[in-house]
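Enquirer: Sequence and predicted structure below; questions after.
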Amino acid sequence: MARVLIVGAGLTGSLCACLLRRELQSKVRVAVWDKARGAGGRMSTSRPPPEASSHSADLGAQYITATPAYAQSHHSFYTELLSAGVLQPLDCPIEGLRQRDGSTDYVTPRGTGSLVKHFLSQSGSHAPFPPATSLLVWIEFHLLVSLSSGADVFLEHHVTALYRRGASWEVERKSGGSETFDAVVLTMPVPQILQLQGDLGNLLSVQQKQQLDAVRFSSRFALALFFPPGAVFSFSWAAKYVSDSSCIRYIAVDDRKRGADTSACGPALVVHTSVPFGEEHLEQDKEDVQPIILQELHRLLPDLPQPVSIKCQKWRYSQVLTSVPDCPGHMTVLEQPPLVCGGDAFCHSNFDGCVESALSVLGALKASLANQPGS
């Protein structure tokens, strides 16, 4: 049984784990490592602190748009997610959203993080309890995953280096220690891939290095404002794109957007800044940027009630502006032992881009594993 490590528990990584489990089943043992305290990546759903009895909030991706072409080619994925209740059609208008012929918009009633958790659960994942993670969050995640043999999800596992050891890879962690795997898939943002120590830099061809160096991401900040039960907003929209602010680009009442019932908890408001604002303030601490965003928010919404709690998120790698040329879906750094890179930077920055990349990684990995000695 080949040991496969997937670095990154975002959408591409969780899809890779799920597809490997479905396609190869007992032939591989899959581990998923992520440096964060929770799975999801940019498909991130944030819970309010204990003192705020509020609705959860999506700080990353807000909704999913399926073009007619992808609705057809990825029909099985959409059908699965709709049947499982992970996706539902977006039934509220978003002000300022440009209309796209034939496209369908979907939201996640349990938050965008539920997409990642769904695919991890389908990989037969078992998630060890990270010390710094709250018991409530871990229990909720554990209830969503199967305990059968399959992928093991390890949070707070920050990969720092890769070393080729004959027919295997030795993977080092920031916290110390290392483990050996027969194949490695890197799904984190490209700049983080390029920061890895060890043998990766020597294995990349000149062309591959140039392609990875050319990848560009937008940056932005996101705020989640959690309100007490009974809080009332003076506006009726669920979400809107803002055109008269250099700071704020998008605002959403998260529960309205998802069609969620907040009778037992308060609403949550999500604010995304513009890309120019994010780039201008990128190197500042988010604690220093938060008051600037709040000041602009109160200019736009002067009657906003007082929140119970506020969370600020800096997305250094928000969306892909320049992807790897020709969008190949993956990049094979080494065929034996397999080392493959994937993610939206190798396709495009949305749900279907991550699906395309995961399918591409799966094809490359199946071919490489089939050619390994003893296969």
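Expert: Perfect, I can see it now. Numbering: from 1, shown residues only.

Enquirer: residues in contact with residue 198?
Expert: Listed by Cβ atoms under 8 Å, 6 or more residues apart in numbering, the contact set of residue 198 reads 161-163, 172. Yep, even glycine has a C-beta here, placed from its N, CA and C like the rest.

Enquirer: could those residues go into TSV alongside distance to residue 59?
Expert: Listed next are those as TSV, based on distance: Cβ to Cβ, whole Å:
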residue	distance to residue 59
161	30
162	30
163	35
172	30
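
Enquirer: right, and out of those, which lies closest to residue 123?
Expert: Using Cβ to Cβ, residue 162 comes nearest to residue 123 of the contacts of residue 198, at 22.3 Å.

Enquirer: what bridges to the closest one?
Expert: Residue 162 has the following beta-bridge partners by DSSP bridges: residue 171, residue 198.

Enquirer: Tell me how many other residues crowd it.
Expert: For residue 162, the neighbour count with other Cβ atoms under 10 Å is 27.

Enquirer: wait, it sits on residue 201?
Expert: No - between residue 162 and residue 201 no contact is recorded; they are 9.9 Å apart, counting by Cβ atoms under 8 Å.

Enquirer: just to revisit the earlier point, just curious, which of the contacts of residue 198 is nearest to residue 344?
Expert: residue 162 (21.4 Å).

Enquirer: Tell me how far that closest one lies from residue 200.
Expert: Counting by Cβ to Cβ, to the nearest Å, the gap between residue 162 and residue 200 amounts to 5 Å.

Enquirer: for residue 116, same thing?
Expert: Here residue 116 is placed at a distance of 25 Å from residue 200 (Cβ to Cβ).

Enquirer: thinking again about what came up before, give me the common contacts of residue 162 and residue 200.
Expert: Residues touching both residue 162 and residue 200 (Cβ under 8 Å, 6+ apart) are residue 339.

Enquirer: Of the contacts of residue 198, just the buried ones, ChimeraX syntax please.
Expert: A single ChimeraX command selects the buried members of the contacts of residue 198 (16 or more other Cβ atoms under 10 Å):
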select :162,172
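
Enquirer: Closest to residue 283 out of the contacts of residue 198?
Expert: Of all the contacts of residue 198, residue 283 sits closest to residue 161, with 25.6 Å by Cβ to Cβ.

Enquirer: separation between that closest one and residue 197?
Expert: To residue 197, residue 161 is 4 Å away according to Cβ to Cβ.

Enquirer: between those two, what contacts are shared?
Expert: Common neighbours of residue 161 and residue 197 (criterion: Cβ under 8 Å, 6+ apart): residue 172.

Enquirer: where does residue 209 land in three-state SS?
Expert: Put simply, residue 209 is helix when judged by DSSP: H, G, I helix; E, B strand; the rest coil.

Enquirer: Next, count neighbours for it.
Expert: By other Cβ under 10 Å, 12 other residues sit near residue 209.

Enquirer: List the contacts of it.
Expert: Each residue near residue 209 by Cβ under 8 Å, 6+ apart is listed here: residue 201.

Enquirer: what separates it from residue 276, distance-wise?
Expert: Taking Cβ to Cβ, one finds residue 209 at 29 Å from residue 276.

Enquirer: same question, residue 89
Expert: Per Cβ to Cβ, residue 89 is found 32 Å from residue 276.

Enquirer: Poorly predicted segments of the stretch 251-375 of the chain, please.
Expert: Flagging of the stretch 251-375 of the chain using pLDDT under 70 yields the residue ranges 373-375.

Enquirer: Please enumerate the strands of it.
Expert: Applying DSSP state E, counting those that start in this stretch to the stretch 251-375 of the chain gives strands spanning 268-273, 309-315, 320-322, 330-334, 339-342.

Enquirer: I'm done for today, thanks for sticking with me.
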